[in-house]
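Novice: Sequence and predicted structure, then a few things I'm wondering about:
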Amino acid sequence: MNISDMSSLANFRNLATKIVCVGRNYKDHALELGNAIPMKPMLFVKTVNSFIVEGEPIVAPPGCQNLHQEVELGVVIGKKASKISKSNAMDYIGGYTVALDMTARDFQDEAKKAGAPWFLAKSFDGSCPVGGFIPSSDLQNPHDVELFCKINGKDQQRCRTDVMIFDIPTLLEYTTQFFTLEVGDVVLTGTPAGVTKINSGDVIEFGITGRIESKFLVN
Ligand SMILES: CC(=O)CC(=O)C(=O)O
Ligand SMILES: [Mg+2]
């Protein structure tokens, strides 16, 4: 299977080997949680079991009391990428999506205090609800779109992607110096401000304004 089979989200999910996430890539979000602005991209990873699609519920991990949503632009890799450079990084992109980096904020706070990894806070099963797919040929400039996230019909996050701290070529160059990105892998590019506590029964709608939108229910 290759990138041309990705028009269906089910195929796209089957292709992914990992979801690479960038943290603190929007200044306003770093500040809202009292975090420092990073000098270089900050990376973590979600397993493929975190990937869910519309129709599957969002479920908090056991013991979590403070589940947050983080809407993020996702870059879907279309060509195996290892040690690539900024100058041609965009050639490795098959398309774009929008996803929620669901975060057990209480688990993350505990891990931060202990200097421990964020894995449980970020990569529990179903922690990455993924929306539609836009082929790269249909989106000329991913740095010029608006992300949105509504909770129970009310705007919670809304931000243009041109204010990312590290742009997409920089993120792909940096990431692939350390590990290979495979076809179908998703790179989530960080969330803007507006993360908040999600409750059972909430309806979360998110997407790229005028392009893709999806709806997930919280169990
Ligand atoms: C504090 C975080 O959880 C970082 C993160 O995921 C982000 O998108 O920023
Ligand atoms: Mg995030």
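Specialist: Yes, it's here. Ligands and ions are numbered 1, 2, ... in the order given.

Novice: Check what pLDDT residue 142 gets.
Specialist: The model reports residue 142 with a pLDDT of 98.

Novice: That one is in contact with residue 161, isn't it?
Specialist: Yes - assessed by C-beta atoms under 8 Å, residue 142 is found in contact with residue 161 at 6.3 Å. C-betas here are computed from N, CA, C, even on glycine.

Novice: who touches both of these two?
Specialist: The contact sets of residue 142 and residue 161 overlap at residue 73 (C-beta atoms under 8 Å, 6 or more residues apart in numbering).

Novice: where are the low-confidence patches of this protein?
Specialist: Residue ranges of the chain with pLDDT under 70: 1-11.

Novice: in it, which spans are helices?
Specialist: Assigned by DSSP state H, the helices in the chain fall at 9-15, 27-32, 105-114, 119-122, 168-178.

Novice: Let me know which of these is tucked in deepest.
Specialist: For the helices of the chain, average neighbour numbers computed from mean count of other C-beta atoms under 10 Å are highest in helix 119-122, which has a mean of 20.

Novice: Just give me how far that helix sits from the chain centre.
Specialist: Centroid separation for helix 119-122 versus its chain: 14 Å, with C-alpha atoms, centre = their mean, to the nearest Å.

Novice: In space, what's closest to the residue of the chain found nearest ligand 1 - neighbours in sequence excluded?
Specialist: Residue of the chain nearest ligand 1, by C-beta to the nearest ligand atom: residue 23 (3.3 Å). Sequence neighbours aside, residue 42 is the residue nearest to residue 23 in space, at 4.2 Å (criterion: C-beta to C-beta, 6 or more residues apart in numbering).

Novice: One more: residue 22?
Specialist: Here the nearest residue to residue 22 in space, its sequence neighbours aside, is residue 190; by C-beta to C-beta, 6+ apart that works out to 4.5 Å.

Novice: Is it correct that that neighbour is in contact with residue 23?
Specialist: Yes - at 6.4 Å, residue 190 counts as touching residue 23 under the criterion of C-beta under 8 Å.

Novice: Compare the two and say which one has the larger neighbour count.
Specialist: Between residue 190 and residue 23, counted using other C-beta atoms under 10 Å, the more crowded position is residue 190 (25 against 20).
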